[in-house]
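Novice: just need the structure, nothing else, for what follows:
(chains A and B)
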Amino acid sequence: MPRAKAIYRALLHCYPAAFRQEYGSQMILMFAEQLGEARRTGSPLEPAAVWLGAAFDALTIAPKEHCHVILQDLRYALRTMVSRPGFTAVAILSLALGIGANTAIFSLWNGVLHSSLPGVSKPSELVMLSNPDEAGMWHGDDSGDRNWLTFSEFEQLRDHAGAFSGVMASQSSFDSWQVRSAGGEWEEARGRMVSGGYFQVLGVSPAIGRLFTAAEDRAESPYAVISYNYWQRRFAGRPDILGQPLTLRHTVLTIIGVAPPGFIGETSGQQPDLWFPLRIEPRVMPRQDWLHDQPPSKTMWLHVFGRLKPGVTAEAEAQANAIFKAGLETFYGSVASPEHRRELMNQRLRIHPAAGGASETRHTFSGSLTALLAAVGVLLLIACSNLANLMLARGAARKPEIALRLSLGASRGRLIRQLVTESLALAAVGGLAGLAVAYALHGPLVRMIAESDKDFKLGFSLDPLVSAFAVATTLASAVLFGLFPAWQVTRTGAGATLKEQSRGATGTLSQVRWGRILVSLQLALSLPLLVGAGLLVRTLHNLQRVDLGFPAERLLLVRVDSREAGYEGARRESLHRELLGQFQRIPGVRAASYSELGLFSGGESSSGVEVEGYVPETGKESSSALDVLGPRYLSTLGVLIVPGA
Amino acid sequence: MHDTKPDSLLPLPAAVFHILIALADRDRHGYSIMQDVAARTEGKVQLSAGTLYSSIRRMLEQGLIEELAESPDPSSADERRRYYRLTRFGKRAAAAEVERLNALVRQARATGLVPSA
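Specialist: Purely as a prediction, here's the structure:
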């Protein structure tokens, strides 16, 4: 029997400590008598039934008792919160700001750096054969790791790379196009060209109509697939949109389908309105054939994605490079000198995991978002340390109440549990308010990123990971600011506290010491943040005063995309001349000029140059960055020419 | 005087009602309550220690029963036992529960669900 009692006593630990202390001995007595009686029947089933009943109680009654204690503590916590509105308001506000800032930054950090492409089937199987961090177009030659691929390189990989269940390509840059639907005005739509297998490789089914197929790679198919958002926003979700014409520049496309809701394509942070086939590139961009290359120049502009076959990993890169190199051999074989050829052959593809898709933003903001997340983490620590100090001070004021409860027989553990429940209740309300703060902060944060990447869009979504982060942050805050003061406040004995109270003391030496330590901790955490913020302000101030090489005051910049508007050749030059004349005639304008790339556009252009008497050692040295300028460009900017005129 | 009305506690959980009945004729300790319930129900209702003391905890809070400061039986060999007594409020609650059950039985008979006695 002593052994059975010991086992039952251990089972009683499933119950709350207070319940165990109050009724544990009675329950052991009763259990021992029940078991003795069962044993006396002589049947082995009777004692087994008593044990089963005890185990069943531990599984059903014990959780109910825990719920009872938690509800009791919560009711008490809410009463305490209401009775001290000032303290409650300060605590909730601090926590809301701390948890809200952390959740907002984490949501952005997760959305930009770690989330998978929405609406894409099994994104972990996707890889990229181009550089996910770069977008653009390069015409000429290249060396080293390739950023983008040409159309024919994509075709070779699509047709011969057996390691992939499918290979597709998309225009790496994200462009704005002039479009006009039937009976409508010219308007702007964001879209990109994609290969026929694009939707199939991403594992996407249409909302209505159909998506592109391999047929779109074989012949010029003037079709367009529009996004679900664009369909709702521009066409009010009309089902008769299928078969409708959509004029893009001078090409009439037929809308054949609508992508499913939530699908944004292969690039994270961008939300295209439409997709159209790569094969019609020369038609929508006359005199710019990016599909056919003339040796030795290549037009590299495509991101290429592959979906790995099950079990294939390492061999995919080797296989893709073998196909790629064979293509280079054929392309450069007849034109280049052996030396130049060797250099041109020094190009390779790298395979990148592409569950999160391509993203220039990810590369640009990876460091700063992580640093920002760390900074707001420290901010929350400061808030928690501040609250812990307040709790400690409030604990000193509650000493008589705590001492009375200790002297009435409440255990220290029970009081700590109750004080931590109060902290949890505060943190829960702070956490809920924090979600509202996170939602409010999300817009400005996205706009901050969009200042560097105008196409960047990211909605606030409380997905499971962000929700788990918010809950974990709330719980961690409650433990950080609640547990230590609760432990400290209940530390001294009831008798000693009551004596101190009779002397009029409001806090023990130990509490004063811990209060000082917490203040030091706050200072230690605040100082680096303050210094960091100061340096940031100083850097921004310096950036505004950086010497650009020309006086930026009284200089105005206007961007005109005449090609996008359909102007080509002589018409385009005539438009530039006419615009320039009109600008010059505006009263107060001293000078006006133009350039192809413009200032701070991010665009880059280069071409091979030959300098008389200079023999370049390598092909690279013969190419030079350039911009095409209008008349009196440098003098208009105020740039001084050192030699020459 | 008790603030809560007995009706607000209805329907009483089966274990609570059994405990009230067990305490109606005399004050009892936990094991005695369990034995009485088992005897009256011919072994059909066996209160486990967990169910019994969880119910006793709630009944004490609701004022249905009270704990005795001393054992009513000074000759009892076991002083560790704690005894419980039905309060006036407990009696009113039990009466209200009986009335509720009676009304239910009357309705069942009136509709012909069960034959009249």
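Novice: so which residue of the stretch 151-300 of chain A comes closest to chain B?
Specialist: Nearest residue of the stretch 151-300 of chain A to chain B (C-beta to the nearest C-beta) works out as A:Gly262 at 48.9 Å. (C-beta placed from N, C-alpha, C; glycine too.)
Novice: just checking, A:His352 touches A:Asp145?
Specialist: No - counting by C-beta atoms under 8 Å, A:His352 stays clear of A:Asp145, with 10.1 Å between them.
Novice: overlap in contacts of the two?
Specialist: Counting by C-beta atoms under 8 Å, 6 or more residues apart in numbering or on different chains, the contacts common to A:His352 and A:Asp145 are A:Asn131.
Novice: okay, those two: which has more neighbours?
Specialist: Neighbour count, other C-beta atoms under 10 Å in any protein chain shown: between A:His352 and A:Asp145, A:His352 has more, with 16 against 11.
Novice: show the pLDDT at the more buried one.
Specialist: Looking at A:His352, its pLDDT is 93.
Novice: same check on the one 10 residues further on?
Specialist: Confidence per residue is given as pLDDT, and for A:Arg362 that number is 81.
Novice: got a list of what it touches?
Specialist: By C-beta under 8 Å, 6+ apart, the residues touching A:Arg362 are A:112-113, A:132-133, A:268-269, A:356.
Novice: recalculate using a threshold of 6 Å.
Specialist: By C-beta atoms under 6 Å, 6 or more residues apart in numbering or on different chains, the residues touching A:Arg362 are A:112-113.
Novice: which secondary structure element contains it?
Specialist: A:Arg362 belongs to helix A:360-397 when elements are defined using DSSP states H and E.
Novice: strands of chain B, residue ranges please.
Specialist: Using DSSP state E, the strands of chain B run over residues B:28-29, B:65-67, B:83-86.
Novice: reformat the ones you listed as TSV; add mean pLDDT.
Specialist: Compiled in TSV, the strands of chain B are given as follows (pLDDT from 0 to 100):
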stretch	mean pLDDT
strand B:28-29	93
strand B:65-67	95
strand B:83-86	95
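Novice: turn these into CSV, columns for distance to A:Cys67 and mean neighbour count.
Specialist: Converted to CSV, those look like this (distance: least, C-beta to C-beta, whole Å; neighbours: other C-beta atoms under 10 Å in any protein chain shown):
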stretch, distance to A:Cys67, mean neighbour count
strand B:28-29, 27, 20
strand B:65-67, 22, 17
strand B:83-86, 24, 20
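Novice: select, out of those, the one closest to A:Leu373.
Specialist: Smallest distance to A:Leu373 across those (C-beta to C-beta): 56.2 Å, for strand B:65-67.
Novice: list the buried residues for the helix holding A:Arg362?
Specialist: Residues A:360-362, A:364-365, A:369, A:372-373, A:375-376, A:379-392, A:394-396 are the ones in helix A:360-397 that count as buried (16 or more other C-beta atoms under 10 Å in any protein chain shown).
Novice: again, but for stretch B:65-85
Specialist: When burial is assessed from 16+ other C-beta under 10 Å, stretch B:65-85 yields the following buried residues: B:65-66, B:71, B:81-84.
Novice: how far out from the middle of the chain is that stretch?
Specialist: A distance of 17 Å separates the centroid of the chain from that of stretch B:65-85, by C-alpha atoms, centre = their mean, to the nearest Å.
Novice: for residue 18, what are its contacts?
Specialist: With no chain named, the answer covers chain A. Residues near A:Ala18 by C-beta under 6 Å, 6+ apart: A:Arg414.
Novice: I was after chain B.
Specialist: Taking C-beta under 6 Å, 6+ apart, we find B:His18 in contact with B:Val37.
Novice: could you pull out the strands for the stretch 101-250 of chain A?
Specialist: Under the criterion DSSP state E, counting those that start in this stretch, strands of the stretch 101-250 of chain A are mapped to A:126-128, A:138-140, A:144-145, A:164-171, A:175-181, A:187-194, A:208-209, A:223-226, A:245-248.
Novice: need the ones you listed in JSON lines (columns: mean pLDDT and distance to chain B).
Specialist: Below are these laid out as JSON lines (pLDDT from 0 to 100; distance: least, C-beta to the nearest C-beta, whole Å):
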{"stretch": "strand A:126-128", "mean pLDDT": "94", "distance to chain B": "55"}
{"stretch": "strand A:138-140", "mean pLDDT": "85", "distance to chain B": "75"}
{"stretch": "strand A:144-145", "mean pLDDT": "89", "distance to chain B": "68"}
{"stretch": "strand A:164-171", "mean pLDDT": "95", "distance to chain B": "58"}
{"stretch": "strand A:175-181", "mean pLDDT": "89", "distance to chain B": "67"}
{"stretch": "strand A:187-194", "mean pLDDT": "93", "distance to chain B": "64"}
{"stretch": "strand A:208-209", "mean pLDDT": "95", "distance to chain B": "56"}
{"stretch": "strand A:223-226", "mean pLDDT": "96", "distance to chain B": "61"}
{"stretch": "strand A:245-248", "mean pLDDT": "93", "distance to chain B": "68"}
